[in-house]
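Asker: what's the 3D shape of this:
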Amino acid sequence: AAGSHTVAALVQHGVRPAYTKDQVVAANALEALSVLLGSFGNDDDDSPNAKPLEDARASLLKEASAGRAGILTALLEEEDLAYLAAEEADAALEHLAAVLAALLPAWSTRDTALSFTKVAVRLLVVATQSSSDNFLAVVNLTCAACSQPALQPVLAASTSMAAAARTALVVAERRHRGGPDSSTAHLVKRARRLLAKLAV
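Answerer: This is a model prediction of the structure:
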């Protein structure tokens, strides 16, 4: 129960900025949530604590991925996600991408795939207005989603996703022309990879 309340509170603070009116708190909550969902030890751990820890992580992942307290529901209900690209939010998009990446296998129904696709489109649009690190994190998240059997057909069939991916590549190429370096080159490479995965 304590874990459940913790997940719900972090989702509220991280995804609903109106809840705190503070973008720094939102970014910190998303970072804490990404750590909470991904820090339950090594898969090769054969200690007596390994199974209880993995069970706890599975419970937290389930709580974060489903129902009214789930992060997809919160993101869909939040009208404006631009706060994620604000300077004060720092690496909020990176942390959110890490959270969503951990939850990808949980969204195996058509309804959840549709919900994720709507969220992914909105995040790609926001990411084009953010730092290259945040931008790359969202592109990588979407590429990873395209490798999930339940998500790929819905993502590939979405005209909104196709448009967002094309725009992402245009913005990535523009950034690379404006200040070419290894990070922008990698961003362009990953944006092209995303288009290839979507087959558009």
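Asker: any idea which helix or strand of this protein has the worst average confidence?
Answerer: Lowest mean confidence among the helices and strands of the chain (mean pLDDT, DSSP states H and E): helix 50-65, at a mean of 74.
Asker: just for the chain, where's the confidence low?
Answerer: Judged by pLDDT under 70, the chain has its weakly predicted residues at 1-4, 18-21, 39-50, 52-54, 67-69, 200.
Asker: do a quick rundown of the helices in this structure.
Answerer: Assigned by DSSP state H, the chain shows helices spanning 2-15, 23-38, 50-65, 71-77, 92-103, 110-127, 132-145, 152-157, 159-178, 182-198.
Asker: quickly compare the ones you listed and say which is most buried.
Answerer: Counting by mean count of other C-beta atoms under 10 Å, helix 92-103 has the highest mean neighbour count of these, with a mean of 24. Every residue, glycine included, has its C-beta placed from N, CA and C.
Asker: list the contacts for the closest residue to Ser34 other than its chain neighbours?
Answerer: In space, and not counting its chain neighbours, Ser34 is closest to Ala98: 4.0 Å by C-beta to C-beta, 6 or more residues apart in numbering. By C-beta atoms under 8 Å, 6 or more residues apart in numbering, the residues touching Ala98 are 34, 38, 137.
Asker: then Val24?
Answerer: Applying C-beta under 8 Å, 6+ apart to Val24 gives the contacts 88-90.
Asker: kindly report the same for Pro105.
Answerer: Applying C-beta under 8 Å, 6+ apart, we find Pro105 in contact with Gln148.
Asker: what distance do you get for it to Leu151?
Answerer: Pro105 sits 10 Å away from Leu151, going by C-beta to C-beta, to the nearest Å.
Asker: thinking again about what came up before, got the helices of the chain as CSV, with distance to Tyr83 columns?
Answerer: Putting these into CSV (distance: least, C-beta to C-beta, whole Å) gives the following:
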stretch, distance to Tyr83
helix 2-15, 10
helix 23-38, 5
helix 50-65, 20
helix 71-77, 12
helix 92-103, 8
helix 110-127, 9
helix 132-145, 12
helix 152-157, 25
helix 159-178, 19
helix 182-198, 22
